[in-house]
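**Q** pasted the sequence and its predicted model underneath.
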Amino acid sequence: MSGEVRMFGEIAFEMRWISTAHLYEALALQARDEARGEKHRFLGQILIDLGYMTDQQVLEVLTVLHDRPRHGQRET
């Protein structure tokens, strides 16, 4: 196991579901909301709201993101 931290947007881009422009737009909206003190929105939700990803695609990215070997099990 590499210990490399992977980000939601990176995985969605690698899966070819979003472009770099889509990713930067969503990240800019997330930063803008935070700067305004608005409630935090996850990147996947923003991408759904923008129409760039479906619920199913977000779930698949989350599965990849969180698919790690269980404690005590070896990665094959």
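**A** That came in fine, so what should we check first? As the structure is a computational prediction, the values presented were derived from the model and not from experiment.

**Q** how far out from the middle of the chain is the longest helix out of those in the chain?
**A** Counting by DSSP state H, the longest helix found in the chain is helix 20-35. On the basis of CA atoms, centre = their mean, to the nearest Å, helix 20-35 is displaced by 12 Å from the centre of the chain it belongs to.

**Q** other SSEs contacting that helix?
**A** In terms of contacts (3 or more CB pairs under 8 Å, 6 or more residues apart in numbering; DSSP states H and E), helix 20-35 is packed against helix 8-14, helix 43-49. C-betas here are computed from N, CA, C, even on glycine.

**Q** looking at those, which is nearest to A28?
**A** Ranking those by proximity to A28 (CB to CB) places helix 43-49 first, at 9.7 Å.

**Q** coming back round to it: tabulate the helices and strands packed on helix 20-35 in CSV, adding columns for mean neighbour count, mean pLDDT and distance to R36.
**A** Formatted as CSV, the helices and strands packed on helix 20-35 follow (neighbours: other CB atoms under 10 Å; pLDDT from 0 to 100; distance: least, CB to CB, whole Å):
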stretch, mean neighbour count, mean pLDDT, distance to R36
helix 8-14, 17, 97, 21
helix 43-49, 18, 98, 14
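
**Q** any low-confidence regions in this structure?
**A** For the chain, residues meeting the criterion pLDDT under 70 lie at 1-3, 68-76.

**Q** buried stuff in the longest helix of the chain?
**A** Neighbour-count burial for helix 20-35 flags 22-23, 25-26, 29-30 (criterion: 16 or more other CB atoms under 10 Å).

**Q** CA atoms only for that helix - export them in PDB, please.
**A** The C-alpha trace of helix 20-35 is given here as PDB (Å, rounded to 0.1, in the frame of the first residue of the first chain):
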ATOM      1  CA  THR A  20     -10.200  19.900 -15.600                       C
ATOM      2  CA  ALA A  21     -12.500  22.900 -16.300                       C
ATOM      3  CA  HIS A  22     -15.400  21.200 -14.500                       C
ATOM      4  CA  LEU A  23     -13.100  20.400 -11.600                       C
ATOM      5  CA  TYR A  24     -11.800  24.000 -11.300                       C
ATOM      6  CA  GLU A  25     -15.300  25.400 -11.600                       C
ATOM      7  CA  ALA A  26     -16.600  23.100  -8.800                       C
ATOM      8  CA  LEU A  27     -13.600  23.900  -6.600                       C
ATOM      9  CA  ALA A  28     -14.000  27.600  -7.100                       C
ATOM     10  CA  LEU A  29     -17.700  27.300  -6.100                       C
ATOM     11  CA  GLN A  30     -16.700  25.400  -3.000                       C
ATOM     12  CA  ALA A  31     -14.100  28.000  -2.100                       C
ATOM     13  CA  ARG A  32     -16.600  30.800  -2.700                       C
ATOM     14  CA  ASP A  33     -19.200  29.200  -0.500                       C
ATOM     15  CA  GLU A  34     -16.600  28.700   2.300                       C
ATOM     16  CA  ALA A  35     -15.500  32.400   2.000                       C
END
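
**Q** all good on my end, thank you.
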